[in-house]
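> Quick one, what's the 3D model for this:
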Amino acid sequence: MKTVAGKERLLLTGNYAAAYAARDADVDVVSAYPITPQTTVIEKIADFIASGELNAKFVRVESEHSAMAALIGASSVGARTFTATSAQGLLYMYEVVWWASGARLPIVMGLVTRALGPPWSIWSEHTDFYTMRDSGWNLFFASNAQEVYDLLLISYGVSENQEVVLPSCVGWDAFEVSHTYEPVSVLGREEASRFLPPKGSFKPSLSSEEPGSLGNLAYPPEYLDIRHTMRQASDKVLGVFREAAVRYAKLTGRDYSGMYECYRCEDADTIIVGMGSIMGEAYRAVDNLRDEGMKVGALKLWVYRPFPYEELYKAVQNVDTIVTVSRSSVFGSMSPIGLDFASLIASRGLDAKIADYVAGVGGMDVYAEDFVGMVKDAHKNTGRNVWWVR
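Numbering: from 1, shown residues only. Here you go, the predicted structure:
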């Protein structure tokens, strides 16, 4: 362990990095149900609680549905909460995921992405993550253990902001990130408290001073008003995220305020776009294609919902081809990232061509040569359909 300027540098898996983020956020209530490959997140948090390193209530439950229900109750009275899950666990939880956002609760969740059954798979795919696109949750994605730690802490800064008060989810890849050890700089609770909102900074949904209830029947006008206020809050998320990320950068030197990372994009006429651990291989592909004289860059998304249209427009406004790569099973449509960029291009009147690909399904490895093949194939095709790469 190396200590630098009051910060610890530890060798952690992505899952342990998530547990350290929950520890340093000083959460009050944790509830979860074990599922591979998420389980070690909660095991490590349980260790922190058992040792007294984290003063939090661990609520043991019989299912993921109950885990989220427990956090809804805790968050509604002002507690800072955390959970984590994967794949079928998220689907079992899915009903109350929507209740959490509809109740305007700043719950933070880690999602270790895993392919959905059938057949059973424990390897990474982002289909589970994409099921939350329209749920009202803020959705962020990490590609390594350091980003897991950082984005979870930033999530509390976003969710608990009084202008937002919506739940946040950070996704990361099974095994490539969840179980791989990497050096991670952690702040510790004292340093993290300088960044995080003070506890109780958001107004609880329920209090003894103002008795009420959650989840009543709403007639159409009231329902519309609730959804409208959620949209207004969601529209403020990107600004709040940027502000929180700037403050975090001043504290750590790690800057997420751009909402994406662009590699060799400055003069690129072709950009590869994706999320997660496979983007390291995309960066290698960019170097290889540059050696061949092709002006290619790669863009890794950190913020997925709300989709940062204006920020991404600045990145792609001068490119000819956008190669979108989604790690997701897709049927009857373009991939999720492909659809988002298609709407970006159409709404901003850009002339760029989209070549939409699916790769890494069911945990299949994606290599630099695969990205090279996508780019070269994109230059030969119209790019209006989905090609399965691996």
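> Work out the sheet partners of the helix or strand Val273 falls within and label each with its direction, please.
Assigned by DSSP states H and E, Val273 belongs to strand 270-274. Taking DSSP bridges as the criterion, strand 270-274 pairs within the sheet with strand 296-301 (parallel), strand 321-326 (parallel).
> any idea of the mean pLDDT for the helix or strand that the first one is followed by?
Same thing as strand 296-301. Sequence order places strand 303-305 as the next helix or strand after strand 296-301, per DSSP H and E. Averaged across strand 303-305, pLDDT comes to 98.
> who does strand 303-305 touch, helix- and strand-wise?
strand 138-141 (3 or more Cβ pairs under 8 Å, 6 or more residues apart in numbering; DSSP states H and E). C-beta here means a position set from N, CA and C on the backbone, and glycine is covered the same way.
> Residues touching the strand it packs on, excluding its own?
In this structure, residues lying in contact with strand 138-141 by Cβ atoms under 8 Å, 6 or more residues apart in numbering are 126, 129, 132-133, 151, 154-155, 158-159, 164, 166-172, 234, 237, 241, 275-276, 301-306.
> can you give me the helices in this protein?
14-24, 39-51, 64-76, 87-102, 127-130, 145-159, 189-195, 220-235, 237-252, 279-291, 309-316, 336-348, 368-378 (DSSP state H).
> in the protein, which helix or strand is least confident?
Lowest by mean pLDDT, DSSP states H and E among the helices and strands of the chain is strand 2-4, with a mean of 40.
> which residue is nearest the centroid of this structure?
Centroid-nearest residue in the chain: Phe140, 2.3 Å away (criterion: Cα atoms, centre = their mean).
> Run through the bridge partners of that one.
Counting by DSSP bridges, Phe140 forms beta bridges with Val170, Val303.
> Take the helices of the chain and write them to a markdown table, including mean pLDDT, mean neighbour count and distance to Val30.
Below are those laid out as a markdown table (pLDDT from 0 to 100; neighbours: other Cβ atoms under 10 Å; distance: least, Cβ to Cβ, whole Å):
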| stretch | mean pLDDT | mean neighbour count | distance to Val30 |
| --- | --- | --- | --- |
| helix 14-24 | 98 | 28 | 7 |
| helix 39-51 | 98 | 19 | 5 |
| helix 64-76 | 98 | 23 | 8 |
| helix 87-102 | 98 | 20 | 15 |
| helix 127-130 | 98 | 24 | 21 |
| helix 145-159 | 98 | 27 | 13 |
| helix 189-195 | 96 | 15 | 15 |
| helix 220-235 | 97 | 12 | 25 |
| helix 237-252 | 98 | 18 | 22 |
| helix 279-291 | 98 | 19 | 30 |
| helix 309-316 | 96 | 16 | 33 |
| helix 336-348 | 95 | 18 | 30 |
| helix 368-378 | 95 | 19 | 38 |
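> tell me the phi and psi of Lys196?
Quick fix: residue 196 is Leu, not Lys. Here is the backbone geometry of Leu196 (degrees, to the nearest 10): phi -70, psi 150.
> looking at the strands paired with strand 270-274, which is buried most?
strand 321-326 (a mean of 26; mean count of other Cβ atoms under 10 Å).
> Specify the angle between that strand and helix 368-378 in degrees.
130 degrees (axes from the mean of the first three to the mean of the last three Cα atoms, to 10 degrees).
> just the angle between strand 321-326 and helix 279-291, please?
Using the same axes, to 10 degrees, the inter-axis angle of strand 321-326 relative to helix 279-291 is 160 degrees.
> taking the mean pLDDT, what do you get for strand 321-326?
96.
> re earlier: distance check, the residue nearest to the centre of the chain against Ser155.
Distance of Phe140 to Ser155, computed by Cβ to Cβ, to the nearest Å: 6 Å.
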